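Undergrad: Fold the following, please.
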Amino acid sequence: MTRSNNFNRIHRLSGLLAAGALAVVAQAAVLHVPGDYATIQAALDAAAQTGDEIIVAPGTYPEAINFLGKAVNLHSSGGPAVTIIDATGLNTSVVTCVSGEGPGTVLEGFTITGGWRRWGLGGGVCCYFSSPTLTNCTITGNTACYGGGVYGCSSNPTLTNCTITGNTADDGSGGGVCCESNSNATLTNCTITGNTAYGGGGVWGSSSNPTLTNCTITDNSASMCGGGVGCIEGSNPALTNCTITGNSASNCGGGVNAGGSSSPALTNCTITENTASYGAGLWCDNSVPTLTNCTVTGNTANEHGGGVGCYSSTPTLTNCILWANLPEEIYVESSSPVVTYCDVQGGWSGTGNIDADPGFAFPTDLHLLPGSPCIDAGTNTPLGGLPPEDPEGQPRSLDGDGDGRRWRTWGSTNSTRPRRRWPSARRSWCTSYRRARPVRRRWTSATAVWAS
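TA: Residues are numbered from 1 along each chain as shown. As a prediction, the model looks like this:
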């Protein structure tokens, strides 16, 4: 009898718990703008602290919004091209997260524009001790002293499939994105283009460790340092499978500027067509950057360091190609770069280094052609770790030339394009690519290896 009563009690308790869970689920509401609320902020004000969904119809909403610490899913029904939050004339950030928002605070499918914080922080998005999630957003036409597009202080925002373009921080840093005071932003599949700043036209990190994967950083400019990316004060950004091209800095670091005890790690990256006075591709000043399977080509410095410029620094380059940079590939002043298994035009001392035309498919196509000396010339154990795939998501080739020796290819783009199957062999130098993507020419028996 006792056992039966216990069973009944447990059964009733389970029922009560289930009912409670259903009640919690039932509390999550779906709010519509402008159907239920005229403005997005009105919907945010009305939303529960956790779990509500706000759906915004296409249109331009002349307002600025504050998430108020709420873990809500705020998304558009039509996408960023037709759903715009415009704070023009309000002299504030368009989106504010300063109340401890976490990853459950989601903003998806909006254009964020018109933010103005001339002497403040975060024109488009301002995060302070907060870590929201932004997906499929376009952040454009915003201005701030720091973080024209996105600003983070002690924050870890996550941005995926976002475009950050045409933002300014002319008197400060981070035209596109600014990370300060232990802000470890994560950007994946993002395009950062056409932004301007005093330092870090595209991305700026100060005492922070942002992570960028599969991002394109192009046509950004800095009136001082770091046209594409700038990092100082012990920052350790990690860039993987990124393209850094067409950026400019009036002083140093057209593509990347690493200063102030920073240690950026670039893997499978292509750094090309950037300009600066010093260090057009990469400028190192009291820093310890690591480049693995990167292609640095076609960069131009007015003074020194077309490819890489070093001052009081110890960069490590492995499985990289440095070619056709002006006025030289590597410039050294009071520095001790460690360069191994690299193809350096003009030559450079170090284990496994060569000086030979890498054999790019075209000036704008950095796949390596069959017979490239960079195929199967790399080491399988670089300091920065060997990337298993190239930027196209293809496994990096071993024995790319089919000679039976299993070694990696140099560069970011690492492979050739065989007719049927890939050989399984040693990795090539290339920035990032191992397998063939179609090229404009037909090869009779070819495989074009990527150089980054």
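Undergrad: Would you mind listing the residues in contact with the nearest residue to Y151 once chain neighbours are set aside?
TA: Among residues not flanking Y151 along the chain, G122 sits closest, at 3.2 Å (Cβ to Cβ, 6 or more residues apart in numbering). Quick note: C-beta positions are derived from backbone N, CA and C, even for glycine. If you count contacts by Cβ atoms under 8 Å, 6 or more residues apart in numbering, G122 has them with S93, T96, G115, A144, Y146, G147, V150, Y151, G152, C178.
Undergrad: and which of the residues you listed is nearest Y198?
TA: For Y198, the closest of these turns out to be Y146, at 9.8 Å, with distances computed as Cβ to Cβ.
Undergrad: Report pLDDT for that closest one.
TA: Y146 carries a pLDDT value of 98.
Undergrad: can you give me the helices in the chain?
TA: 2-27, 40-46 (DSSP state H).
Undergrad: Which of these comes out lowest on mean pLDDT?
TA: When the helices of the chain are ranked by mean pLDDT, helix 2-27 comes last with a mean of 46.
Undergrad: Pass me the low-pLDDT residue ranges in the protein, would you?
TA: When residues are selected by pLDDT under 70, those of the chain lie in 1-26, 396-452.
Undergrad: Specify the beta-bridge partners of the one residue sitting closest to the centre of the chain.
TA: For the chain, L212 is the residue whose C-alpha lies nearest the centre (Cα atoms, centre = their mean; 2.7 Å). Residues in a beta bridge with L212, per DSSP bridges, are L187, L239.
Undergrad: Please apply the same query to the one 4 residues further on.
TA: When bridges are taken as DSSP bridges, the partners of T216 come out as T191, T243.
Undergrad: Any idea how far apart the tips of stretch 375-394 sit?
TA: 16 Å (Cα to Cα, to the nearest Å).
Undergrad: circling back: kindly write the ChimeraX command that selects the buried subset of the contacts of G122.
TA: Those of those that meet the burial criterion (16 or more other Cβ atoms under 10 Å) are gathered into one ChimeraX selection, given here:
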select :93,96,115,144,146,147,150,151,152,178
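Undergrad: Closest one of the contacts of G122 to V56?
TA: If you rank the contacts of G122 by distance to V56 using Cβ to Cβ, T96 comes first, at 17.0 Å.
Undergrad: what's the closest non-adjacent residue to that closest one?
TA: Leaving aside its chain neighbours, T96 sits nearest to N66 (4.3 Å; criterion: Cβ to Cβ, 6+ apart).
Undergrad: so V82 touches P58, yeah?
TA: Yes - with contacts counted by Cβ atoms under 8 Å, V82 reaches P58, the gap being 3.9 Å.
Undergrad: what touches both of those two?
TA: Listed contacts common to V82 and P58 are S76; contacts here mean Cβ under 8 Å, 6+ apart.
Undergrad: Tell me how far the residue nearest to T96 lies from T160.
TA: For N66, the distance to T160 equals 22 Å [Cβ to Cβ, to the nearest Å].
Undergrad: How many neighbouring residues does P363 have?
TA: Residues within reach of P363, counting by other Cβ atoms under 10 Å, total 11.
Undergrad: contacting residues for it?
TA: The neighbours of P363, taking Cβ under 8 Å, 6+ apart as the test, are G298.
Undergrad: Quick check: phi and psi at it.
TA: Summarising the backbone geometry of P363 under the convention degrees, to the nearest 10, its torsions are phi -60, psi -30.
Undergrad: S154 versus N189, what's the distance?
TA: When distance is defined by Cβ to Cβ, N189 is 25 Å away from S154.
Undergrad: Same question for C190.
TA: Counting by Cβ to Cβ, the separation of C190 from S154 is 21 Å.
Undergrad: Compare the two (neighbour count), which wins?
TA: Residue environment comparison for C190 versus S154 gives the larger neighbour count to C190, 26 against 17, counting by other Cβ under 10 Å.
Undergrad: hang on, that one packs against P157?
TA: No - counting by Cβ under 8 Å, C190 sits too far from P157 to count as a contact (11.5 Å).
Undergrad: Pick the one among the contacts of G122 closest to D170.
TA: For those, the minimum distance to D170 (Cβ to Cβ) is 9.8 Å, reached by A144.
Undergrad: Bridging across strands, which residues link to that closest one?
TA: Partner residues in beta bridges with A144: R117, with DSSP bridges as the criterion.
Undergrad: For G254, see how far away it is.
TA: Remark: distance between A144 and G254 (Cβ to Cβ) = 23 Å.
Undergrad: and what of A197?
TA: Following Cβ to Cβ, the distance that separates A197 from G254 is 14 Å.
Undergrad: Flag every buried residue along stretch 30-44.
TA: L31, V33, Y37, I40, Q41, A42, A43, L44.
Undergrad: typed the wrong thing, it's stretch 370-381
TA: Residues of stretch 370-381 classed as buried: P370, S372, P373, C374, I375, D376, A377, G378, T379 (neighbour count, 16+ other Cβ under 10 Å).
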